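Enquirer: Here is a sequence with its predicted model. Questions after.
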Amino acid sequence: MIVEMKQVVKRYNELVALDHFDLEIQKGDVYGLLGPNGSGKSTAIHSMLALLKFEKGEVNLFGEPMKPNRYDLKARVGFVPQEVSVADELTVGENVDYFCGLYIKDKNERKRLVQEAIDFVGLEKFRKFRPQKLSGGLKRRLNIACGIAHKPELIFFDEPTVAVDPQSRNNILEGIKRLNEEGATIIYTTHYMEEVEQLCNTITIMDKGRALITGSNKELKKSVGIGDKVRIQDMSLSAEEQELLRGNRLVQQYDYKEGTLDVMLDKDAKVLHFLNLLEDHDIGYGEMFIESGSLNDVFLEITGRELRDHV
Amino acid sequence: MFRQLFKYRLIGTLRVWQILFWNLVFPLALSTFLYLAMSSIMYPDPLEALPIQADNALVADVLKDVEFEGVKMYTLEEKADPRQAVADGTLRMYVPDESPPVIVAQKRGVDAETLSSILISVDRAMQAVGEIMQTDPTADPAAIVEEVASPTSIFTDSGEDSKLLMTNFFYTVLAMVCLGAITLGVVNVYETEAQSSSMGKRLGIAPHNKRTFLIPFTVASLLFNLLYAGVALLYINFVLGIPFGENIPAVLATIVVGSLFGLSIGMVIGLLVKGSLDVRMNVGIGLYVFSSFLAGMMSLDVKQLITLYVPIVHKINPSSLITNTFSSLYYFEDLTVFRENLLIMGAMTLVFLGIVWFLTRRNQYEYV
């Protein structure tokens, strides 16, 4: 196990930021911490990195207790903070070299690693640029390069795509996948559920300092009974047909208004089964939109609140 | 590691124009303005010798030798009608042979007042000559006048006094450059704090003790401040012509200790004052400006009042300590004041560095 948090409690006066928080991250995971702002994601990360003192519980990294002076463990960790954390007065190349130098003493090895990191994030053309000359997306890439240049085994990404354009976001997510393929274990915090679904093999949904639920994307949806959503527009249903659909075991939620049918299928049902149902009863249908159940639905199911409401 | 951090600290500091401006350009500009404002006091326009006439031969003999900074003050004329010559402006002043002395001039003014004071001195000297000659007929009257009146030295000493007082302002400016290191010390601490700065967050998770960063940062900042102070010293000394005495190693030692003193104050402020970088910087800048004010940068009266009524403040005020050390090297050949001030600064620096060491050791966690 790469990371283990056991019953960690952290309070800020009356506010409980982490409430007996447990976490286990295996080698090779891309582990997502998903939750609204203030749910305790950053507090959890700071606790794992021994930046933060907590009241109770324990944190182990690579099977060893993590403390501020465990420099041997810190040397194996990379961190990409939420805000772009680079030296404005240094160029792209100098920044990556500067932070890589905190871990790698050998000059030749460092030179190679710096080059690899710059190539990895696609900033070679901007090597001599200072950060203020870079766009928001390029700065984010520099931020990542500074955190990964020393080839850490475990990398923390704290909301790395905040305020980033879609193209840069895709680049960043692709890059994180590649890092994982190269062997790094990733811990990824965000409040964008789409990113977590796209990237992470294990997800913990957090709220009010607690881990609400942990599992893969499919497991989470399955555990709370989330099925696919189907919307059919311009549909004319008789009262009898409406009754048939509403009562069918394939349909978990049903809504028919002004010629538009919205249904959420049962977690085990397939869209094909639903189409067969319509055809078996000669119910005509026009344009159809299918949407898988989201992690927002999971959050809604567990807390009764929308994840998006808190973002 | 040290070299890596040191190198990038130097590069980083060099590229921040605000540091260059406030720690070097501003003090140089300030000293230039001070120089321009005070040059009329320190270096008045060269005097033109005034055409005068004195009927008394002995008085005329004295007056023709009166000098100010090597320039003769008077040329002795012999007009047939000296009163008319004064009236039509060909003669500035006329001294008839009378006792007590009388001056004929078109108007009262500095020139007349100056000549008046010289004549009073000469008159007293001549009375003394009379008395001495009665008891010692062999005495040389000219030598007695020279010894008693010494009119030449009166003005020279007075000019030097003004100049010496003015140099204090420039010593304070150099003290300000040394204490400019306070801002560098504040930044050094701030950038190693994960809870304060984004840079600090990266350093906080790096596999090193916080002091591993502070040491090269401090050395780099010290080097920079010494460079700034060195440039300021050369400018004030060689371009503006302000003297710093002959003991150059002692002047340099003052700059080194003063800069380290400033850095240590800045680091303590950075650690003890919580808040944004701006808040900490404002506290640091406020401290060194106020310290310079107490040391007499804006008014020498303040310095004298502090020295008179709150001598302990004068003894420990950073800017006063540095300013007085420079002054002592110029005013006194004896190094007692220099040694004493350097010792106080060194001791205070050690105390501040001790506080920094203690606080950085205690703060293991970045957030509590």
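Expert: It's in. Residues are numbered from 1 along each chain as shown, chains lettered A, B, ... in the order given.
Enquirer: can I see the domain layout of the chain?
Expert: By default, I'm working from chain A. Structurally, chain A divides into domains by automatic domain parsing as follows: A:3-222, A:227-292.
Enquirer: The intended chain is chain B.
Expert: B:2-41+B:160-362, B:50-149.
Enquirer: Can you spell out which helices and strands pack onto the longest strand along chain B?
Expert: If you go by DSSP state E, chain B has its longest strand at strand B:50-54. If contacts are counted by 3 or more CB pairs under 8 Å, 6 or more residues apart in numbering or on different chains; DSSP states H and E, strand B:50-54 sits against helix B:57-65, strand B:74-76, strand B:93-95. Every residue, glycine included, has its C-beta placed from N, CA and C.
Enquirer: Please convert the ones you listed to TSV, extending it with mean pLDDT.
Expert: Listed next are the helices and strands packed on strand B:50-54 as TSV, based on pLDDT from 0 to 100:
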stretch	mean pLDDT
helix B:57-65	85
strand B:74-76	89
strand B:93-95	91
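Enquirer: highest average neighbour count across these?
Expert: A comparison of those by mean neighbour count, using mean count of other CB atoms under 10 Å in any protein chain shown, puts strand B:93-95 on top with a mean of 23.
Enquirer: Could you check the pLDDT of the residue in the stretch 51-200 of chain B that chain A sits nearest to?
Expert: Closest approach of the stretch 51-200 of chain B to chain A (CB to the nearest CB) occurs at residue B:198, with a separation of 3.5 Å. What the model reports for residue B:198 is a pLDDT of 79.
Enquirer: Ok, residue B:42 next?
Expert: The predicted local confidence for residue B:42 is 59.
Enquirer: The one 5 residues further on now?
Expert: The score at residue B:47 is 63. That number is its pLDDT.
Enquirer: buried ones in stretch A:77-90?
Expert: A:77, A:78, A:79, A:80, A:81, A:82, A:84, A:85, A:86, A:87, A:89, A:90 (16 or more other CB atoms under 10 Å in any protein chain shown).
Enquirer: what do you get for stretch A:33-41?
Expert: A:33, A:34, A:35, A:36, A:39, A:40, A:41.
Enquirer: So the last one sits against residue A:208, correct?
Expert: No. Using CB atoms under 8 Å as the test, residue A:41 is too far from residue A:208 to be in contact (11.7 Å).
Enquirer: So which of the domains of chain B is nearest residue A:292?
Expert: domain B:2-41+B:160-362 (36.3 Å; CB to CB).
Enquirer: now that closest one, how far from the chain's geometric center?
Expert: 16 Å (CA atoms, centre = their mean, to the nearest Å).
Enquirer: about what we covered before: looking at the domains of chain A, which one is packed in the most?
Expert: For the domains of chain A, the highest mean count by mean count of other CB under 10 Å goes to domain A:3-222, at a mean of 19.
Enquirer: For it, give the mean pLDDT please.
Expert: Rounded mean pLDDT across domain A:3-222 is 91.
Enquirer: Quote the end-to-end distance of that domain.
Expert: This stretch, domain A:3-222, spans 26 Å end to end (CA to CA, to the nearest Å).
Enquirer: from the chain's centre, how far out does that domain sit?
Expert: So, by CA atoms, centre = their mean, the centroid of domain A:3-222 is 11 Å from its chain's centroid.
Enquirer: hmm, that domain in reach of chain B?
Expert: Yes. Domain A:3-222 is in contact with chain B by CB under 8 Å from any CB of the partner chain, via A:46, A:49-53, A:68-69, A:71-72, A:74-75, A:77, A:79, A:81, A:83-87, A:89-90, A:94, A:98-99, A:101-103, A:105, A:146-147.
Enquirer: so of the residues you listed, which ones are in helices?
Expert: A:46, A:71, A:72, A:74, A:94, A:98, A:99, A:146, A:147 (DSSP state H).
Enquirer: The third one - nearest residue in space that isn't next to it in sequence?
Expert: With CB to CB, 6 or more residues apart in numbering or on different chains as the measure, residue B:207 is the residue that lies nearest to residue A:72, at 7.1 Å, once sequence neighbours are left out.
Enquirer: and if you look at the last one?
Expert: For residue A:147, ignoring the flanking residues on the chain, the nearest one in space by CB to CB, 6+ apart is residue A:80 at 3.9 Å.
Enquirer: doesn't residue A:33 fall inside a helix?
Expert: No. Counting by DSSP: H, G, I helix; E, B strand; the rest coil, one finds residue A:33 to be strand, located in no helix.
Enquirer: who does it bridge with?
Expert: When bridges are called by DSSP bridges, residue A:33 pairs up with residue A:189, residue A:204.
Enquirer: Go ahead and confirm it touches residue A:41.
Expert: Yes. Residue A:33 is within contact range of residue A:41, at 4.8 Å (criterion: CB under 8 Å).
Enquirer: Now do the shared contacts for the two.
Expert: Here residue A:33 and residue A:41 have A:189, A:206 as joint contacts, going by CB atoms under 8 Å, 6 or more residues apart in numbering or on different chains.
Enquirer: got a list of what residue 59 touches?
Expert: As the question left the chain open, I've gone with chain A. The contact partners of residue A:59, by CB under 8 Å, 6+ apart, come to A:3, A:4, A:5, A:6, A:8, A:47, A:48, A:50, A:65, A:66.
Enquirer: switch to chain B, that's the one I care about
Expert: If you count contacts by CB under 8 Å, 6+ apart, then residue B:59 has B:95, B:97, B:101, B:119, B:122 around it.
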